[in-house]
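Peer 1: sequence unavailable; structure follows:
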């Protein structure tokens, strides 16, 4: 079917406008981070700094501070731990639910689905009480198990779908050769589910990397802050917010996210659409 | 697979155990705790000595005008942001689906707002909508539509509007990716048959595209409604609930009562009312979709 050139041109034009609107706030953030800190409420305000004013002094200030590396490192520890724990725990759960019959299987899976629907923040009060009891307030261990618990339902749901589709013959052949359950799990189920595990891992990484409400509740000390609360803290610190610093730090904290996004783009789409199209 | 041998049974149990433990301890236990808390006098100062007070927390919440303000704000936020995100996301998806070159580029660039963290996106919006910010300058000095700087973040509806614009801006990309995948599942021969029957683009959209992606629409609708009720970080960063809690949403109000005034029992009741409302809405959404199906079949 041939379409008119004008129709196609119109589509590209609309899409280009859309993309500009999508990216505008980010561009403004970067342009603000590149101008002298004193001139942030300059009059008249400008979208782009004057060329002779462009400076990297905000970035220099941020990376000259020990705090930044500590915050960054904390975020890395928390995100990587969450991703690793969630991947192994959810795979085990998904494997057993997908491949075996046991009493309470349906109830368990139903419960997992229901908890996917409850927004995480509604549980913040009893979870805080739990964190106090476990004495993990103001510790990175106050974040990792909670984040892991949050992402387990969705991860299990996704990986289970994949593990159900592993052909029975492969597993039977291995069993006849004398493989036990662990061997089947580690040697067959996990390798064959890599795409699902990879895509949930990306989402789990982003969730842990950007999480704010819980971290802000549990963590107080500067030395234990993750990046989102460090950025938010920067913003609340002074009467006059140092927007240049805030945005320089924001831009730096977005680098790993954008890298992950670009490198694993393929898995992104698999993960996003797996749950939605079936219905 | 055979599970007869004891060794296999033990291994299955060991694979299940960590998941069950984390799930029960960090998710199921807090849910039960939340339920109990909502019926107890439970203050920050008296975390060890709670007493059962029946429905008192619920009565207090339902009589609180601040709660109702936050409730209304959340409903308005959801009613405005959910349909707009869906319509714009579907529109972009249809456009991207209709082009051949640069499909991936447009998809990636449109997805950027989704991966920007809520904290950072909220701070950018706050900066742009600041009284001395870029938007006011643009409106008053460039376009000359306003006489003086408007204090966007200092009043209920304009503050909420900023949060809603942020929510829509940040959500379109997700909608686009999901709808794009759904559009690619609609059989092409249906469109070809419709073209032979002389259907125009708009007829095709309503007769083929929309029915074809119905399941996805329901999925997105339910997910976005949950997301709308979950709005928290943007409000906290952009208005902080100000002025005088006029821009609080259910969760920011719940959070304020718990962690600024120490009333955990009250907050637990708020959380439960919210979960209950979401549950009712999900049932309603599924019913509404099913009824529409039936109507379509009858017209058929």
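Peer 2: Nice, I can see it. Since the structure is predicted, the reported quantities are computational estimates derived from the model, not experimental observations.
Peer 1: skipping adjacent residues, who's closest to residue B:15 in space?
Peer 2: residue A:92 (3.8 Å; CB to CB, 6 or more residues apart in numbering or on different chains). To be clear about C-beta, it is placed using only N, CA and C from the backbone, and glycine gets the same treatment.
Peer 1: endpoint to endpoint, stretch B:200-208 covers what distance?
Peer 2: 11 Å (CA to CA, to the nearest Å).
Peer 1: touching that stretch from outside, list them.
Peer 2: B:94, B:186, B:190-191, B:194-195, B:199 (CB atoms under 8 Å, 6 or more residues apart in numbering or on different chains).
Peer 1: mind checking how far the residue nearest the centre of chain A is from residue B:242?
Peer 2: With distances taken as CA atoms, centre = their mean, residue A:206 lies nearest the centre of chain A, 1.0 Å away. Residue A:206 sits 29 Å away from residue B:242, going by CB to CB, to the nearest Å.
Peer 1: what sits against residue 140?
Peer 2: Picking chain A for this. A:74, A:77-78, A:224.
Peer 1: the intended chain is chain B.
Peer 2: Here residue B:140 is in contact with B:146-149 (criterion: CB under 8 Å, 6+ apart).
Peer 1: checking my notes, it in a strand, right?
Peer 2: No - using DSSP: H, G, I helix; E, B strand; the rest coil, the secondary structure at residue B:140 is helix, not a strand.
Peer 1: and it, how far from residue A:4?
Peer 2: Counting by CB to CB - residue B:140 and residue A:4 are separated by 42 Å.
Peer 1: go on, residue A:243?
Peer 2: 47 Å.
Peer 1: quick one, helices of the stretch 151-279 of chain A?
Peer 2: Taking DSSP state H, counting those that start in this stretch as the criterion, the stretch 151-279 of chain A carries its helices at A:168-176, A:181-183, A:190-192, A:194-210, A:213-218, A:227-237, A:243-263, A:265-277.
Peer 1: looking at the contacts of stretch B:200-208, which one is closest to chain A?
Peer 2: Minimum distance to chain A across those is 6.7 Å, recorded for residue B:195 (CB to the nearest CB).
Peer 1: burial of that closest one, as a residue count?
Peer 2: Neighbour count for residue B:195, taken as other CB atoms under 10 Å in any protein chain shown: 13.
Peer 1: with residue B:64 instead?
Peer 2: Using other CB under 10 Å: residue B:64 sits among 16 other residues.
Peer 1: any idea how far it lies from residue B:153?
Peer 2: 24 Å.
Peer 1: for the host helix or strand of residue A:61, which outside residues touch it?
Peer 2: If you go by DSSP states H and E, residue A:61 is part of helix A:57-63. Residues outside helix A:57-63 that contact it (CB under 8 Å, 6+ apart): A:33-34, A:36-37, A:68, A:244-245, A:247-249, A:251-252.
Peer 1: which among the residues you listed are in contact with chain B?
Peer 2: residue A:247 (CB under 8 Å from any CB of the partner chain).
Peer 1: so which of the contacts of helix A:57-63 is the closest to chain B?
Peer 2: Closest approach between these and chain B, by CB to the nearest CB: residue A:247, at 7.6 Å.
Peer 1: next, count neighbours for residue A:223.
Peer 2: Considering only other CB under 10 Å, residue A:223 is surrounded by 12 other residues.
Peer 1: check contacts around it.
Peer 2: Per CB under 8 Å, 6+ apart, neighbours of residue A:223: residue A:70.
Peer 1: ok so, going back, filter the contacts of residue A:140 down to the buried ones, PyMOL style.
Peer 2: In PyMOL, this line selects whichever of the contacts of residue A:140 come out buried by 16 or more other CB atoms under 10 Å in any protein chain shown:
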select buried, chain A and resi 74+78+224
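Peer 1: with pLDDT and secondary structure as new columns, can the contacts of residue A:140 be given to me in CSV?
Peer 2: Output for the contacts of residue A:140, formatted as CSV (pLDDT from 0 to 100; DSSP: H, G, I helix; E, B strand; the rest coil):
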residue, pLDDT, secondary structure
A:74, 95, helix
A:77, 96, helix
A:78, 97, helix
A:224, 90, helix
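Peer 1: with distance to residue B:284 added, can I get the contacts of residue A:140 in JSON lines?
Peer 2: Shown next, in JSON lines, are the contacts of residue A:140 (distance: CB to CB, whole Å):
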{"residue": "A:74", "distance to residue B:284": "42"}
{"residue": "A:77", "distance to residue B:284": "43"}
{"residue": "A:78", "distance to residue B:284": "38"}
{"residue": "A:224", "distance to residue B:284": "43"}
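Peer 1: about what we covered before: could you verify my assumption that the residue nearest to the centre of chain A touches residue B:115?
Peer 2: Yes - counting by CB atoms under 8 Å, residue A:206 does reach residue B:115; the two are 6.4 Å apart.
Peer 1: ok, the nearest residue to residue B:111 once chain neighbours are set aside - contacts?
Peer 2: Nearest residue to residue B:111, sequence neighbours excluded (CB to CB, 6+ apart): residue B:173, at 4.1 Å. When contacts are counted by CB under 8 Å, 6+ apart, residue B:173 is found next to A:22, B:89, B:110-114.
Peer 1: shared neighbours, residue A:206 and residue B:115?
Peer 2: Common contacts of residue A:206 and residue B:115 (CB under 8 Å, 6+ apart): residue A:257.
Peer 1: neighbours of residue A:247, how many?
Peer 2: Neighbour count of residue A:247, defined by other CB under 10 Å: 28.
Peer 1: residues contacting it?
Peer 2: Residue A:247 sits in contact with A:29-30, A:32-33, A:58, B:123-124, B:127, where contact means CB under 8 Å, 6+ apart.
Peer 1: cool, and residue B:86?
Peer 2: B:175, B:217, B:220-221, B:224.
Peer 1: go on, residue B:38?
Peer 2: So residue B:38 contacts B:57-58, B:265, B:268-269, B:271-272 (CB under 8 Å, 6+ apart).
Peer 1: nearest to residue A:261 among those?
Peer 2: Distance to residue A:261 across the contacts of residue B:38 (CB to CB) is lowest for residue B:271, with 32.5 Å.
Peer 1: I'd say that closest one and residue B:253 touch.
Peer 2: No - the criterion here is CB under 8 Å, and residue B:271 misses it with residue B:253 at 10.6 Å.
Peer 1: ok, the closest residue to residue A:193 other than its chain neighbours - contacts?
Peer 2: Distances taken as CB to CB, 6+ apart place residue A:162 nearest to residue A:193, at 4.4 Å, with adjacent residues excluded. Contacts for residue A:162 were tallied using CB under 8 Å, 6+ apart; they are A:94, A:192-193, A:195-196.
Peer 1: might you list the low-confidence residue ranges for the stretch 1-150 of chain B?
Peer 2: Scanning the stretch 1-150 of chain B with the threshold set as pLDDT under 70 gives B:1-4, B:44-49.
Peer 1: just give the nearest non-adjacent residue to residue 78, would you?
Peer 2: All of this is about chain A. Closest to residue A:78 by CB to CB, 6+ apart is residue A:143, at 5.0 Å.
Peer 1: oops, chain B please
Peer 2: Residue B:78 sits nearest to residue B:228 (CB to CB, 6+ apart), 3.2 Å away.
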